[in-house]
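Provided below are the primary sequence and the corresponding predicted coordinates.
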2 protein chains.
Amino acid sequence: MQPKVRHPHQLVPTDRPALLFDLDGTLLDSVYQHVLAWKEALASAGIELSIWRIHRRIGMSGGLFLRALVRETGRDLTPAEADRLRALHEERYSRRIDEVAPLPGARELLHVLTKAGVPWTIATSGSNATAGPSLKLLDIPAGVPVITRNQVAYAKPNPDLFLTAAEGLGRPIADSFVVGDSVWDMLAAQRAHALGIGVLSGGYGREELQAAGAYRVYEDPRDLLAHIDELGIRIG
Amino acid sequence: MQPKVRHPHQLVPTDRPALLFDLDGTLLDSVYQHVLAWKEALASAGIELSIWRIHRRIGMSGGLFLRALVRETGRDLTPAEADRLRALHEERYSRRIDEVAPLPGARELLHVLTKAGVPWTIATSGSNATAGPSLKLLDIPAGVPVITRNQVAYAKPNPDLFLTAAEGLGRPIADSFVVGDSVWDMLAAQRAHALGIGVLSGGYGREELQAAGAYRVYEDPRDLLAHIDELGIRIG
């Protein structure tokens, strides 16, 4: 008789998968402030782009955002212009930080996960400059390995942010959930071999997130917390 | 031998169906300004609502918007409070009117339709107070029977606005297209027995508009004009 094999999945308790959260639109009600900050930055450079087109690209890497923009407007950008636009966006966003608040249930969800021993962290395409002040709104415990654009080669929809986040937690990415509001999060989740969980709180539609591979879609962090059993996480 | 029967459809040339346009998000890049005007109006009354929830209700009747809000926040509103919020939204929106511009292709589309003899008009859930200044951005020819909230008993998703718009053009509603950016437009189109054409320029996703019954979905007025043959409208 063969010895009983210990399967790899038995090494990680499946009721405590790591949760890797996007920031803007997922934990914070900040997407529309980012949209308008970009709109103003672009307008100051004489680039007129419809607001919905900006909205649909929030959450992706700033570099890719500007490339897509070049394609859509037919206007070329030098690397120096792109840097200036990124800096202007950061400055315009920081003026609106007082309007930004955690989404309903965000702080409670993170608190419940911490208490239950479910590992979690945040991985954002934002830079330290924009994410830093936003993160302060969430009371993140010391030791949570938050990953920003500054720590990886490529932001979403490349998988780097989520891969680095899972490594920071010491958990296998393939056993982790990525929670995000945009199709860029869901696509990055697929590339990272994680499962994507969508939230509607960034303004994308349910069907768009499902089409981009979401395993499940909730309204916002409060709704996710109310249905956390659907992720096989047993709390309380 | 029976005399040749003239079918009702032969009374109206099918290559010149009436087009009934929504205004905000369909012809004007004004949805995000409405969203933030509502956010500020609600906040001033101590009502905190996530921005995406406001976005998803733009384009519906203001009265229904406030009812839905009462349900979602659990906070009751007196009729006087509702009136005050509506007035405050109008005031906050009017402060932003300088940021509002026609969507790409909007003016050109209306001009081409006028020149080709395709009857068209605009039917908006907005009041005269908010729609008036917005309409000025579009150079609407005299005689186009624009319909606002003030002229009907119920705004979208009730069919009244589009029914009245078709009547104003003297065209059968069942031979008309309703062009809009929100599910409320598509639902009102279904109730009016018109065909709905979606545009993405208000920030809804393609799949949401299709699920609400859109016959076809375009990016914005420019994209609609580039594909107007798909509506069976022959121009030039």
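Sure thing, it's come through. Numbers count the residues shown, from 1 in each chain, chains lettered A, B, ... in the order given.

Give me the contacts around the lowest-mean-pLDDT helix or strand in chain A.
Least confident helix or strand, chain A: helix A:62-73 with a mean of 85, by mean pLDDT, DSSP states H and E. Residues outside helix A:62-73 that contact it (Cβ atoms under 8 Å, 6 or more residues apart in numbering or on different chains) are A:38, A:42, A:47-49, A:53, A:57-58, A:60, A:75-77, A:82, A:85-86, A:89, A:125, A:127, A:149, A:155, A:157. All C-beta spots, glycine's among them, are computed from the backbone N, C-alpha and C.

in it, what's buried?
A:62, A:64, A:65, A:66, A:69 (16 or more other Cβ atoms under 10 Å in any protein chain shown).

measure the last one to residue B:33 for me?
Counting by Cβ to Cβ, to the nearest Å, the separation of residue A:69 from residue B:33 is 21 Å.

same check, this time on the first one
When Cβ to Cβ is applied, the distance between residue A:62 and residue B:33 equals 24 Å.

same check, this time on the third one
Summarising the geometry, the distance separating residue A:65 from residue B:33, computed by Cβ to Cβ, is 22 Å.

mind listing what residue A:150 touches?
If a contact means Cβ under 8 Å, 6+ apart, then residue A:150 has A:127, A:128 as its contacts.

make that residue A:196, sorry
A:177-180, A:185-186, A:189-190, A:209, A:212-215.

quick one: it is in a strand?
Yes - assessed with DSSP: H, G, I helix; E, B strand; the rest coil, residue A:196 lies in a strand.

Quick check: it vs residue A:74, distance?
Here residue A:196 is placed at a distance of 33 Å from residue A:74 (Cβ to Cβ).

do the same with residue A:218
38 Å.

ok, back up a step: so which of the contacts of helix A:62-73 are also by chain B?
residue A:48 (Cβ under 8 Å from any Cβ of the partner chain).

Out of the contacts of helix A:62-73, list just those in helices.
Of these, the ones assigned to helices by DSSP state H are A:38, A:42, A:53, A:82, A:85, A:86, A:89.

Now the fourth one: closest residue in space, sequence neighbours ignored.
Among residues not flanking residue A:82 along the chain, residue A:66 sits closest, at 4.9 Å (Cβ to Cβ, 6 or more residues apart in numbering or on different chains).

Give me the spatial nearest neighbour of the one residue sitting closest to the centre of chain A, chain neighbours excluded.
The centroid of chain A falls nearest to residue A:22 when counting by Cα atoms, centre = their mean (2.0 Å). Sequence neighbours aside, residue A:180 is the residue nearest to residue A:22 in space, at 3.7 Å (criterion: Cβ to Cβ, 6+ apart).

Could you double-check that the one you found lies in contact with residue A:59?
Yes - counting by Cβ atoms under 8 Å, residue A:180 sits close enough to residue A:59 to count as a contact (7.1 Å).

higher neighbour count, those two?
residue A:180 (34 against 29; other Cβ atoms under 10 Å in any protein chain shown).

Contacts only, for the more buried one.
Contacts of residue A:180 by Cβ under 8 Å, 6+ apart are A:21-22, A:25-26, A:59, A:186, A:188-189, A:196-199, A:202.

Tell me the one of those nearest chain B?
Nearest to chain B, judged by Cβ to the nearest Cβ, of the contacts of residue A:180 is residue A:202 at 6.5 Å.

my guess is that closest one meets residue A:56, correct?
No - using Cβ under 8 Å, residue A:202 is not in contact with residue A:56, being 10.5 Å away.

Would you mind telling me which of these two has the busier surroundings?
Taking neighbours as other Cβ under 10 Å, residue A:202 and residue A:56 compare with residue A:202 leading, 29 against 21.

all strands of chain A, in order?
Secondary structure of chain A (DSSP state E): strands at A:19-21, A:120-122, A:177-180, A:195-199, A:214-218.

got JSON lines for those, with distance to residue B:168 and mean pLDDT too?
Below are those laid out as JSON lines (distance: least, Cβ to Cβ, whole Å; pLDDT from 0 to 100):
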{"stretch": "strand A:19-21", "distance to residue B:168": "51", "mean pLDDT": "98"}
{"stretch": "strand A:120-122", "distance to residue B:168": "53", "mean pLDDT": "98"}
{"stretch": "strand A:177-180", "distance to residue B:168": "45", "mean pLDDT": "98"}
{"stretch": "strand A:195-199", "distance to residue B:168": "42", "mean pLDDT": "98"}
{"stretch": "strand A:214-218", "distance to residue B:168": "41", "mean pLDDT": "97"}
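
one step back: so for residue A:218 and residue A:74, which residue has more residues nearby?
Applying other Cβ under 10 Å to residue A:218 and residue A:74 shows that residue A:218 carries more neighbours, namely 24 against 6.

quick one, what contacts that one?
A:197, A:198, A:199, A:200, A:224, A:227.

Now with 7 Å, please.
Neighbour list for residue A:218: A:199, A:224, A:227 [criterion: Cβ atoms under 7 Å, 6 or more residues apart in numbering or on different chains].

In CSV: the residues you listed, plus distance to residue B:101 and neighbour count.
Converted to CSV, those look like this (distance: Cβ to Cβ, whole Å; neighbours: other Cβ atoms under 10 Å in any protein chain shown):
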residue, distance to residue B:101, neighbour count
A:199, 31, 31
A:224, 37, 26
A:227, 41, 12
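
Which of these sits closest to residue A:98?
residue A:199 (23.3 Å; Cβ to Cβ).

roughly how far apart are residue A:23 and residue A:188?
13 Å.

Compute the number of surrounding residues for the nearest residue to residue A:220 once chain neighbours are set aside.
Of all residues not flanking residue A:220 in the chain, residue A:201 sits nearest, at 4.0 Å (Cβ to Cβ, 6+ apart). Residue A:201 is flanked by 29 other residues according to other Cβ under 10 Å.

swap in the one 5 residues further on?
Other residues lying near residue A:206 total 18 when counted by other Cβ under 10 Å.

What of the one 10 residues further on?
When neighbours are defined as other Cβ under 10 Å, residue A:216 has 17 of them.

Tell me who's in contact with it.
Counting by Cβ under 7 Å, 6+ apart, residue A:216 has contacts A:197, A:230.

So it versus residue A:198, what's the distance?
For residue A:216, the distance to residue A:198 - Cβ to Cβ - is 7 Å.

tell me the domain ranges of chain A?
A:8-30+A:101-231, A:31-99 (automatic domain parsing).

lowest-confidence stretch among the ones you listed?
Comparing mean pLDDT across the domains of chain A, the weakest is domain A:31-99, with a mean of 91.

and that one, how far apart are its ends?
11 Å (Cα to Cα, to the nearest Å).

Kindly report the same for stretch A:145-160.
Taking Cα to Cα, stretch A:145-160 runs 14 Å from one end to the other.
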